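# Here's a sequence, model it:
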Amino acid sequence: MGASGALVYLLPMQPTPSFPLPFAGLPVYFQNAAGRLLEHPAGYIVFQYHPGKRALPDFQALLTHTSQLLRRNRWHRVLADQHRMVPFTEEETAWVTTFWLDPANQPAGGLHAAVVLADDVFARLATNMMRETLQSAALTYRLFKDETTAAAWLMQLR
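Purely as a prediction, here's the structure:
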């Protein structure tokens, strides 16, 4: 009962277009205009992009915080939810390539990323092109259509 004596019903959090229900309730480590980082209790980051264009400094901050969270928790797994992501810009692609190819920004033993593909076909193409480049880094990158399959793959990588 609420303070007024009326019954209060707590409803489960509803999914929004930006953030589907499977990650509702996870603690937010960092958030800005480009996206947010959630800490999954199973030992990985859930990286969610906000829809729409990104400013490069916001994108850089999101990836820098990803690296810091991986290092802080000694994690090596990321689930990148790109459902609502728009394609990477040339600047973003160049920066990501430089950033993740730098061993100082990679967790010990490499990084395993389960990427849930974007709805936007051009964003999916950009992700595939970036994946080709990043395979040369200590990065294992797999593409998935849904969060459940992506999370199941990550859980095999203890």
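
# tell me the contacts of the residue nearest the centre of the chain?
Taking Cα atoms, centre = their mean, the centroid of the chain lies closest to Phe47, which sits 1.7 Å from it. Shown in contact with Phe47 (Cβ atoms under 8 Å, 6 or more residues apart in numbering): 35, 37-38, 62, 66, 78-81. Bear in mind the C-beta positions are built from the backbone N, C-alpha and C, glycine included.

# Can I take it that it is in a strand?
Yes - secondary structure of Phe47 (DSSP: H, G, I helix; E, B strand; the rest coil): part of a strand.

# In strands only, show me the contacts of Phe47.
35, 37-38, 78-81 (DSSP state E).

# where do the helices sit along this protein?
Secondary structure of the chain (DSSP state H): helices at 56-73, 90-101, 121-134, 147-155.

# Now mean neighbour count, distance to Gln31 and mean pLDDT too, for those, in JSON lines please.
Converted to JSON lines, these look like this (neighbours: other Cβ atoms under 10 Å; distance: least, Cβ to Cβ, whole Å; pLDDT from 0 to 100):
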{"stretch": "helix 56-73", "mean neighbour count": "17", "distance to Gln31": "9", "mean pLDDT": "95"}
{"stretch": "helix 90-101", "mean neighbour count": "15", "distance to Gln31": "18", "mean pLDDT": "85"}
{"stretch": "helix 121-134", "mean neighbour count": "15", "distance to Gln31": "20", "mean pLDDT": "69"}
{"stretch": "helix 147-155", "mean neighbour count": "17", "distance to Gln31": "19", "mean pLDDT": "93"}
